[in-house]
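>>> please find the sequence and the predicted model below.
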Amino acid sequence: MSIQETVPEVDAFVARYELAYDFAMDTTGEISTLYEVTSTPTTYFVAPDGTIADITTGVVSQEWLEGNIDDYIAA
């Protein structure tokens, strides 16, 4: 997600690194504030009932992912 950056800034970044995936744009910072994003990347684990079960910033570890799968899906 791009937070408070302009479309031209993001387009230039995408072109520079030849990225082929979509970027979510939060040009005002409103969504980031709503979801308490303090840095990127921020990853959310959504439980089967649709609630946000866990949040982590930075690189997602295998332990974090497996722990959430064990707690919310495998149970």
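In hand now; what should we look at?
>>> how close does Asp70 get to Trp64?
Going from Asp70 to Trp64 by Cβ to Cβ, to the nearest Å gives 11 Å. Backbone N, C-alpha and C define where each C-beta goes, glycine included.
>>> between the two, which is the more surrounded one?
Neighbours were counted for Asp70 and for Trp64 using other Cβ atoms under 10 Å; Trp64 has more, 15 against 10.
>>> the more buried one should be in a strand, yeah?
No. According to DSSP: H, G, I helix; E, B strand; the rest coil, the state of Trp64 is helix, so it is not within a strand.
>>> which pLDDT value does the model give it?
The score at Trp64 is 94. That number is its pLDDT.
>>> grab the nearest non-local neighbour of it.
Nearest residue to Trp64 in three dimensions, chain neighbours excluded: Thr56, at 5.5 Å (Cβ to Cβ, 6 or more residues apart in numbering).
>>> let me see the contact set for that neighbour.
Going by Cβ atoms under 8 Å, 6 or more residues apart in numbering, Thr56 touches Thr42, Thr43, Phe45, Trp64.
>>> now the residues you listed in JSON lines, with secondary structure?
Shown next, in JSON lines, are those (three-state DSSP):
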{"residue": "Thr42", "secondary structure": "strand"}
{"residue": "Thr43", "secondary structure": "strand"}
{"residue": "Phe45", "secondary structure": "strand"}
{"residue": "Trp64", "secondary structure": "helix"}
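>>> and the residues you listed, which are buried?
Buried members of the contacts of Thr56, scored by 16 or more other Cβ atoms under 10 Å, are Thr42, Phe45.
>>> turn the contacts of Thr56 into TSV, including distance to Thr33.
Formatted as TSV, the contacts of Thr56 follow (distance: Cβ to Cβ, whole Å):
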residue	distance to Thr33
Thr42	12
Thr43	18
Phe45	20
Trp64	24
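>>> now, which of the contacts of Thr56 sits nearest Val7?
Set against Val7, the nearest of the contacts of Thr56 by Cβ to Cβ is Thr42 (21.1 Å).
>>> find the nearest non-adjacent residue to Glu9, please.
Spatial nearest neighbour of Glu9, excluding adjacent residues (Cβ to Cβ, 6+ apart): Ser2 at 7.7 Å.
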